[in-house]
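1. Sequence first, predicted coordinates after that:
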Amino acid sequence: MATQLAERRDNPVAIIRQNLEQMAPQFKAALPAHITVEKFSRVAMTAIQNNPDLQNADRASLFGSIVRLAQDGLLPDGREAAIVMFGGKAQAMPMIAGVLKKIRQSGDVAKVSAQVVHELDEFVWSLGFDEDVTHNPPPLDKPRGKVIGAYATAVLKDGSRLLEVMSLEEINQVRNVSRAKGNGPWVQWFGEMARKTVMRRLSKRLPMSTDIEDFVERDETLPTTPELRAVETVEHAPQSRLDALEGMIEEAETITEDNPNAEEGKPDTDRGETLFDAPDPRQAKADEIIAAAGNVSTKAELAALKEQYGADIDAMPDELLPVVAGAIAGAEKRAK
């Protein structure tokens, strides 16, 4: 058993796979009917296997991000959503396809689209009572030129049309107040971020169903930077739910208002944070318990596990306890 524990500790993928299997009941309770637990777990595991950074990420943030996407009904397949790293922690990042999917599922919007505009595209738009847009890219074998803006448009159930257009300058104003402006999504997926930025603005005018309310409500509690609040004030627009979602995507968690002078990617030692690659004894203990629980097959082994780790489980922090408890519950089901 000791050998098996050592092998699992040396193989984070095996531990994470086991964790996901033990979290199946949580996924089943959270996922919508059209997504099976098996499919969601398989897609999540593929994303983790393809990203070594995720394999070594803080486990609480990794599993929290996966559960969050399950609750939102989004697959971390790089199209609907992705799991990305910021400051050594994993974060769930809905992609534009996932945001549009949730809006379409709301039942209040008949059609919705968000697109990037290039300088060689034919682009004509009008506001007023008849908000409309005509967008014709050149043939596929012709260049489109550089990005000059983005737009989002929606047709409501009553037939009315809504349109928001942002120039590249306006998009960059949003990017420039992001602490992740020089890395992460703004560099890797600029088109995605541009489309989400203009979609965020349009969302302020969309009717919000309960489903969409639930999708974005959690993000309203996230802090925003003073700079982002300043931009919102200048635009004379309240922070929408997708604004808060954008704030989550853009902010590195190691830089907070409590420590405005901290360098990006470095820990806030005043708050007890440590460097990402420094071992966390609580996480290591949680991994040890989870791995041990995975090897339980009899009631005697289960009793020995609880006796050996009882005090550690009682002292487990709240963010790790659900995963550990899930592993123990799985062991109890297998014990004969």
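-> Here it is on my side, so go on. All figures in this text were calculated on a predicted structure; none of them were measured in a lab. Residues are numbered from 1 along each chain as shown.
2. ok now the lengthiest helix in the chain, how far from the chain's centre?
-> In the chain, taking DSSP state H as the definition, the longest helix is helix 299-314. Relative to its chain's centre, helix 299-314 lies at 34 Å (Cα atoms, centre = their mean, to the nearest Å).
3. buried stuff in it?
-> 301-302, 305, 309, 313 (16 or more other Cβ atoms under 10 Å). For every residue, glycine as well, the C-beta is placed using N, CA and C.
4. For Ile103, pull up the helix or strand it's in.
-> Using DSSP states H and E, Ile103 sits within helix 96-105.
5. For this structure, which segments count as strands?
-> Along the chain, the stretches classed as strands by DSSP state E are 81-86, 89-94, 109-118, 122-126, 132-136, 147-156, 161-167.
6. if we can go back for a sec, what residues does the longest helix of the chain touch?
-> 285, 288-289, 292-293, 295-296, 321, 324, 328, 331-332, 335-336 (Cβ atoms under 8 Å, 6 or more residues apart in numbering).
7. Report the buried members of those.
-> The neighbour count (16+ other Cβ under 10 Å) marks 285, 288-289, 292-293, 296, 324, 328, 331 as buried among these.
8. which one of these is nearest Leu168?
-> The shortest gap between Leu168 and any of those belongs to Val324, at 48.1 Å (Cβ to Cβ).
9. need the contact list for the closest one.
-> Going by Cβ under 8 Å, 6+ apart, Val324 touches 286, 289-290, 313, 316.
10. Okay, and which of those residues map to helices?
-> 286, 289-290, 313.
11. Okay, and the beta partners of the residue sitting nearest the centre point of the chain?
-> In the chain, the C-alpha closest to the average C-alpha coordinate belongs to Ala92, at a distance of 1.3 Å (Cα atoms, centre = their mean). Beta bridges link Ala92 to Ile83 when assigned by DSSP bridges.
12. okay, it: pLDDT?
-> Looking at Ala92, its pLDDT reads 86.
13. Could you report the separation of it from Gln71?
-> 10 Å (Cβ to Cβ, to the nearest Å).
14. Ok, Ser106 next?
-> Separation of Ser106 from Gln71 (Cβ to Cβ) stands at 16 Å.
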